[in-house]
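J.: Need coordinates for the below:
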Amino acid sequence: MTPDELQDRLDRGRARVVVATQDQVGKFASLRADKLTRIVVGASAKVEGWLPFEQSADFPEAFTPDGPTNADDPMLLYFTSGTTAKPKLVRHSMRSYPVGALSTMYWLGLQPGDVHLNISSPGWAKHAWSCFFAPWNAGATIFIVNQPRFEAKQLLATIGRCGVTTLCAPPTVWRLFIQERLADFKVSLREVCGAGEPLNPEVIDQVRAAWGLTIRDGYGQTETTALSRQFAGAEAQGRLDGPAAAGLSRRDHG
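T.: A predicted model of the protein is given here:
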């Protein structure tokens, strides 16, 4: 984000703390944020006016709340993407978001003990749905791969080597995956999902031919959580029998 975009989010979100990597620190130099606590991650040297994130290891692990947390208390503030207008500020409560994340958990087909990989930028609400809340609800392990630059072949090898069992990725990633010889990658995947836009049938067919798995589409918004999705086990239960149903699941998110 640009400094102007950051200033807008600081003002409307009334942020009190910012956590940023060292390469983003310069964007805050001209911002109006006198009462902002600034924390820098991975700094190679001291940064004036910023606290090193690594200092957190010096504080006690125990946390004592200063009061009760109510169901309608704010939990998360998100800004929408601003595709058609200025980004809107969306508030989720302590009740709405955990309940909403249940729909994501069932869509992804997560089970206790799963190793779940979700490929999503932290700037998207989907990152919270599938990298945190849904796996936590299910008792699954959250698996993160640190790739400075996306490499399909390397990621596929890592998925197999580390025993990833459930995978969710945007259509762009799936289209890059099928450019590799998927059948050559021995994976432990049980559930595979796509999000962001409907996948075209050719991609779904190639993944099914290589791994015997059907990519299940899902759709949601920042203002909500997962709204429309094809649940795990739908094919096995006969819900997608026939060309009409197959076409619906691929083009209209099931």
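J.: Please tell me how far the nearest residue to Ala43 once chain neighbours are set aside sits from Pro170.
T.: In this structure, Ala43 finds its nearest non-sequential neighbour in Gln22, 4.7 Å apart by CB to CB, 6 or more residues apart in numbering. In this view, the C-beta of every residue, glycine as well, is placed from N, C-alpha and C. Going from Gln22 to Pro170 by CB to CB, to the nearest Å gives 28 Å.
J.: got it, and Val145?
T.: From Val145 over to Pro170 the distance is 15 Å, taken as CB to CB.
J.: higher neighbour count, those two?
T.: In this view Val145 and Pro170 are compared by other CB atoms under 10 Å, and Pro170 has more residues nearby, 18 against 14.
J.: Surely the more buried one and Ile119 touch.
T.: Yes - in terms of CB atoms under 8 Å, Pro170 counts as a neighbour of Ile119; the distance is 6.7 Å.
J.: what about Phe150, distance to Asp217?
T.: Between Phe150 and Asp217 the distance, using CB to CB, works out to 21 Å.
J.: got the residue ranges for the helices in this protein?
T.: In chain order, the chain shows helices spanning 3-13, 96-108, 125-128, 134-138, 152-161, 171-177, 201-211, 243-251, with DSSP state H as the criterion.
J.: With distance to Leu189 added, can I get the ones you listed in JSON lines?
T.: Conversion of the helices of the chain to JSON lines gives the following (distance: least, CB to CB, whole Å):
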{"stretch": "helix 3-13", "distance to Leu189": "37"}
{"stretch": "helix 96-108", "distance to Leu189": "12"}
{"stretch": "helix 125-128", "distance to Leu189": "19"}
{"stretch": "helix 134-138", "distance to Leu189": "15"}
{"stretch": "helix 152-161", "distance to Leu189": "7"}
{"stretch": "helix 171-177", "distance to Leu189": "11"}
{"stretch": "helix 201-211", "distance to Leu189": "6"}
{"stretch": "helix 243-251", "distance to Leu189": "19"}
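J.: between those, which gets nearest to Ser81?
T.: helix 125-128 (9.5 Å; CB to CB).
J.: counting contacts, what elements does the closest one pack onto?
T.: In this structure, helix 125-128 makes packing contacts with no helix or strand, judged by 3 or more CB pairs under 8 Å, 6 or more residues apart in numbering; DSSP states H and E.
J.: And that helix, what's buried?
T.: Residues of helix 125-128 classed as buried under the neighbour-count rule (16 or more other CB atoms under 10 Å) are 125-126, 128.
J.: what about the residue nearest to Ala138 when sequence neighbours are not counted, how many neighbours?
T.: What sits nearest to Ala138 in space, not counting adjacent residues and going by CB to CB, 6+ apart, is Leu110, at 3.7 Å. Using other CB under 10 Å, the number of residues around Leu110 comes to 25.
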